[in-house]
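S.K.: I need the structure of the sequence given here:
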Amino acid sequence: MNTGPPPHANAEARRRELQNYAGLWYKYTMLFESNAAPMRAQGMEASKVAYDRVVAELATKPARRPIETRPYKEVMQHLKSLADICEMKPKSFEDRYRIGFAAEEYIRVLTQCVIGHPSRPAGDTDRVLQLVDEMLRDSDLEPLPQGLPRLVHLIPDDPTTRPVTPNNIAHWRANPTALIGNGFIEPDDEAPRAFVVVDYAVKRIRGQCYDVQYEDTGPEIFTLGLEEVLEMVADARLVTNM
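M.R.: Residues are numbered from 1 along each chain as shown. Sure thing, here's the model as predicted:
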């Protein structure tokens, strides 16, 4: 379980803490933009081969549990590894994509697992994003978009959805492969997340498992137990126009 540290009780210390988080958000947003700009200037088709190579490279990494379910120490180690990638000096389009993916992932993990941790006041995320918007207004970048970034497009741009019913859950539990290919949107007013169930397997130790891919984590695949995934989809909305 991700048990993060509590926020500072002292108001001034907490203000500095949120300002620091906003500074990190801004830093990695600017880093992403500085690496994306040269590729936009040459046309994204020119870098498509590099993009495909990096996506294939990331897809070969072993499937892991979502970062949100790991201990806080592992979350911080993950942020450190992402920061290390972002420190590289790009020598190719491939490097720029590696840095861009790492910067996007850093922002996502910082927001969901640190700033937005359940142990913290609910308004912390809104305050940090407000501070970041103020910083961006002083730069040439547009204000923050709503929701999390889409590193891969797994569901339609204008999805139609419906609630998942108990009959759906019973059907998928009895016919696990029937869940493959279905897309879902987690109901979150601040940052709804879209994901697709991409594969099913029975493992010797873990038993029945699904591979799940999220739009905001790019090509990375997460392997979760059957019951865990059924619990996830029961609380989500099913995309009906896949």
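S.K.: give me the neighbour count for Ser81.
M.R.: 13 (other Cβ atoms under 10 Å). Any C-beta I mention is one placed from the backbone N, CA and C, and that applies to glycine too.
S.K.: how about the CA coordinates for the lowest-mean-pLDDT helix or strand in the chain, as CSV?
M.R.: Scoring the helices and strands of the chain by mean pLDDT, DSSP states H and E places helix 48-59 at the bottom, with a mean of 82. Taking Å, rounded to 0.1, in the frame of the first residue of the first chain, the C-alpha atoms of helix 48-59 are listed here in CSV:
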residue,chain,number,x,y,z
LYS,A,48,7.5,8.3,-36.3
VAL,A,49,10.2,5.6,-36.8
ALA,A,50,11.9,6.8,-33.6
TYR,A,51,8.6,6.8,-31.7
ASP,A,52,7.8,3.2,-32.9
ARG,A,53,11.3,2.1,-31.7
VAL,A,54,10.9,3.6,-28.2
VAL,A,55,7.4,2.2,-27.8
ALA,A,56,8.6,-1.2,-28.8
GLU,A,57,11.5,-0.8,-26.4
LEU,A,58,9.2,0.0,-23.5
ALA,A,59,6.8,-2.8,-24.4
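S.K.: top helix in this protein by residue count?
M.R.: Secondary structure of the chain per DSSP state H: the longest helix is helix 11-42.
S.K.: so what does it touch, helix or strand wise?
M.R.: helix 93-109, helix 124-137 (3 or more Cβ pairs under 8 Å, 6 or more residues apart in numbering; DSSP states H and E).
S.K.: how's the protein carved up into domains?
M.R.: Per the record, the chain has its domains at 11-137, 161-239, by automatic domain parsing.
S.K.: just give me the lowest mean pLDDT stretch among those domains.
M.R.: Here those differ in mean pLDDT, and the lowest is domain 11-137 at a mean of 84.
S.K.: hang on, the earlier thing: got the angle for the longest helix of the chain vs helix 48-59?
M.R.: Here the directions of helix 11-42 and helix 48-59 differ by 130 degrees (axes from the mean of the first three to the mean of the last three Cα atoms, to 10 degrees).
S.K.: any idea of the angle helix 11-42 forms with helix 124-137?
M.R.: Going by the same axes, to 10 degrees, helix 11-42 makes 50 degrees with helix 124-137.
S.K.: I'd like to know how many residues surround Glu68.
M.R.: Glu68 has 14 neighbouring residues, counting by other Cβ under 10 Å.
S.K.: correct me if wrong: it contacts Thr111.
M.R.: No. Assessed by Cβ atoms under 8 Å, Glu68 is found out of contact with Thr111, at 11.0 Å.
S.K.: elements contacting the least confident helix or strand of the chain?
M.R.: Counting contacts by 3+ Cβ pairs under 8 Å, 6+ apart, helix 48-59 packs against helix 93-109.
S.K.: what residues does the helix it packs on touch?
M.R.: 24-25, 28-29, 31-32, 35-36, 38-39, 46-47, 49-51, 53-54, 58, 67, 75, 78-79, 82-83, 85-86, 88-90, 148-149, 151, 216-218 (Cβ atoms under 8 Å, 6 or more residues apart in numbering).
S.K.: from the residues you listed, list the buried ones, please.
M.R.: Buried by 16 or more other Cβ atoms under 10 Å: 24-25, 28-29, 31-32, 35-36, 39, 47, 50-51, 54, 58, 67, 75, 78-79, 82, 86, 148, 151, 216-218, out of the contacts of helix 93-109.
S.K.: how many neighbouring residues does Thr160 have?
M.R.: Applying other Cβ under 10 Å, we find 11 other residues in the vicinity of Thr160.
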